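Student: no sequence on this one, just coordinates:
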């Protein structure tokens with residue numbers, strides 16, 4: 001007989017039939033007559049009760065079935081007479097795959113702090129909380145691919161090792177095969193990268209955008225979805241050194257088309273989560289964030305407000321609100337400013353556009369005023385910016401003028417600039433940090449809790 005997943009049994013119970021289930025024990029309680037074993041196999045937030053009659057099983061054997069043990073159960077699925085569950089399995093046979101010593105197994109039946117669970121990331125997926133989060137992570141990844149596939153976008157794989165810095169921030173992880181104990185140097189006493197694997201200085205990518213634009217200028221509409229890396233010494237609940245990005249790039253889209261796509265995309269993902277992750281969301285709502293479901297519905301049910309950065313700054317300046325960071329035209333808005341606009345002023349999600357060019361990247365399309373660019377940020381309740389994007393600068397001379405203003409080295413991105421010489425066209429795109437999305441749909445407060453094995457400064461365990 002083949003194993004049946006607990007999630008399938010709960011959805012389509014076939015009572016009075018013999019079934020086989022396998023999983024990990026959450027609890028085992030009982031008396032000299034019967035044991036009640038709660039089993040979870042990771043397919044659902046819900047446990048399945050196994051009833052083990054003491055007459056059928058050796059007492060010493062049942063004592064080995066402790067919290068954390070892994071077992072196989074064969075028996076009859078019946079309607080439960082007890083409280084707390086609708087069905088149970090009357091066990092005929094139990095096979096013990098692996099024991100878990102109660103004196104050393106860290107996930108006993110008690111509350112554990114999220115900080116403690118980060119220290120045992122190899123075991124935390126077995127908790128209700130992280131089982132829910134990582135199931136939701138799968139569903140969101142699937143929904144992203146489904147959405148773009150339905151819209152005719154092509155999934156483009158952009159390089160992880162690169163010689164370019166898309167953001168110009170310089171916070172990159174270097175990739176090298178040089179012997180760090182004996183680094184080769186040239187006549188100017190500089191590192192001789194000609195002896196390195198790629199014969200040049202290379203890094204882990206901070207974004208797939210630049211290569212994504214190349215794809216859009218040939219395939220029309222593409223998206224990337226892959227790991228990106230930032231070597232920033234940021235120990236905040238919102239930053240990771242390794243995270244995943246979704247970056248669509250679209251030929252013939254202007255800033256308004258870009259905003260339409262971003263709003264439709266986010267609403268689709270949240271509706272998908274509400275529909276396909278209902279049990280996990282309900283659990284997280286009840287245990288961590290009582291406003292989670294209301295906040296998800298809030299985004300789906302409202303049109304996003306669209307206004308310029310200049311209008312947003314004016315609202316913030318006139319609010320008389322005391323902010324930790326000062327507000328003025330030209331300031332890079334902080335999360336507290338973004339959340340005020342969303343949560344207090346408009347009470348709707350917000351898309352801000354037309355930012356000062358000094359605080360935005362070189363590739364954003366310049367407006368005729370010479371001061372602003374066609375950037376856009378989508379702002380959500382609780383987390384602030386969830387998407388950043390822009391219409392891209394398609395004019396070769398304007399792009400070069402901006403590159404020269406910033407004193408950028410064009411050698412690593414000559415190919416990017418050259419696309420403006422050969423059949424340039426209006427195009428736009430945006431980036432959605434996958435973990436930022438996961439923070440929003442799960443209600444978790446720390447980004448380290450929505451990725452299985454977080455990479456942060458001075459931490460690369462597991």
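Tutor: On my side now, so go ahead. Just so it is clear, the structure is predicted and the values come from calculations on it, not from any experiment. Numbering: from 1, shown residues only.

Student: now the helices for the protein?
Tutor: 6-11, 59-63, 114-119, 128-150, 209-219, 255-276, 278-287, 292-301, 309-318, 335-339, 396-405, 414-418, 434-442 (DSSP state H).

Student: for the last one, name the packing helices and strands.
Tutor: Spelled out, it's helix 434-442. helix 128-150, strand 242-251, helix 255-276, helix 278-287, helix 292-301, strand 384-391 (3 or more CB pairs under 8 Å, 6 or more residues apart in numbering; DSSP states H and E). C-beta: built from backbone N, CA, C; applies to glycine.

Student: can you name every helix or strand that the second one contacts?
Tutor: It refers to strand 242-251. By 3+ CB pairs under 8 Å, 6+ apart, strand 242-251 packs against helix 209-219, strand 221-229, helix 255-276, strand 427-433, helix 434-442.

Student: the nearest residue to residue 453 once chain neighbours are set aside: neighbour count?
Tutor: Nearest non-adjacent residue to residue 453, counting by CB to CB, 6 or more residues apart in numbering: residue 462, 4.5 Å away. For residue 462, the neighbour count with other CB atoms under 10 Å is 11.

Student: list the residues that contact residue 462.
Tutor: 121-122, 453 (CB atoms under 8 Å, 6 or more residues apart in numbering).

Student: again, but for residue 381
Tutor: With CB under 8 Å, 6+ apart, residue 381 has these contacts: 295, 298-299, 339, 342-343, 349.

Student: compare the helices of the chain and give me the one nearest residue 31.
Tutor: helix 59-63 (11.1 Å; CB to CB).

Student: give me the contact list for the closest one.
Tutor: Helix 59-63 has contacts (CB under 8 Å, 6+ apart) with 28, 30, 35, 52, 54, 94, 96.

Student: quick one: mean pLDDT over it.
Tutor: For helix 59-63, mean pLDDT rounds to 95.

Student: so where is the stretch 151-300 of the chain shaky, pLDDT-wise?
Tutor: 166-170 (pLDDT under 70).

Student: let's go with 80 and repeat that
Tutor: Applying pLDDT under 80 to the stretch 151-300 of the chain flags residues 165-170.

Student: thinking again about what came up before, which of the contacts of residue 462 are buried?
Tutor: residue 121 (16 or more other CB atoms under 10 Å).

Student: from the contacts of residue 462, pick the one nearest residue 227.
Tutor: Nearest to residue 227 out of these is residue 453 (CB to CB; 11.9 Å).

Student: could you measure the closest one against residue 288, distance?
Tutor: 21 Å (CB to CB, to the nearest Å).

Student: now do residue 200
Tutor: From residue 200 to residue 288 the distance is 47 Å (CB to CB).

Student: of those two, which one has the most company?
Tutor: residue 288 (16 against 11).

Student: ok, the more buried one touching residue 444?
Tutor: Yes. In this structure, residue 288 is within contact of residue 444 by CB atoms under 8 Å, at 6.7 Å.

Student: so which of the helices and strands packed on strand 242-251 comes closest to residue 69?
Tutor: Here helix 434-442 is closest among the helices and strands packed on strand 242-251 (CB to CB), at 28.4 Å.

Student: so who does residue 46 touch?
Tutor: Counting by CB under 8 Å, 6+ apart, residue 46 makes contact with 6-7, 10, 40, 279.

Student: among those, which ones are buried?
Tutor: By 16+ other CB under 10 Å, the contacts of residue 46 give 6-7, 10, 40 as buried.

Student: export those to JSON lines and tack on distance to residue 405 and pLDDT?
Tutor: Shown next, in JSON lines, are the buried ones among the contacts of residue 46 (distance: CB to CB, whole Å; pLDDT from 0 to 100):
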{"residue": "6", "distance to residue 405": "60", "pLDDT": "97"}
{"residue": "7", "distance to residue 405": "56", "pLDDT": "97"}
{"residue": "10", "distance to residue 405": "61", "pLDDT": "93"}
{"residue": "40", "distance to residue 405": "58", "pLDDT": "98"}
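
Student: could you work out the most separated pair of these?
Tutor: Top of the distance list for these (CB to CB): 10 and 40, 11.7 Å.

Student: mutual contacts of those two, please.
Tutor: Shared contacts of residue 10 and residue 40, counting by CB under 8 Å, 6+ apart, come down to 46, 48.

Student: which of the contacts of residue 46 sit farthest apart?
Tutor: Going by CB to CB, the pair spanning these furthest: 40 and 279, at 12.7 Å.

Student: show me what contacts residue 419?
Tutor: 213-214, 217.

Student: distance to residue 430 and neighbour count added to the contacts of residue 381, as TSV?
Tutor: Listed next are these as TSV, based on distance: CB to CB, whole Å; neighbours: other CB atoms under 10 Å:
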residue	distance to residue 430	neighbour count
295	22	18
298	21	18
299	16	22
339	20	19
342	18	23
343	22	18
349	14	23
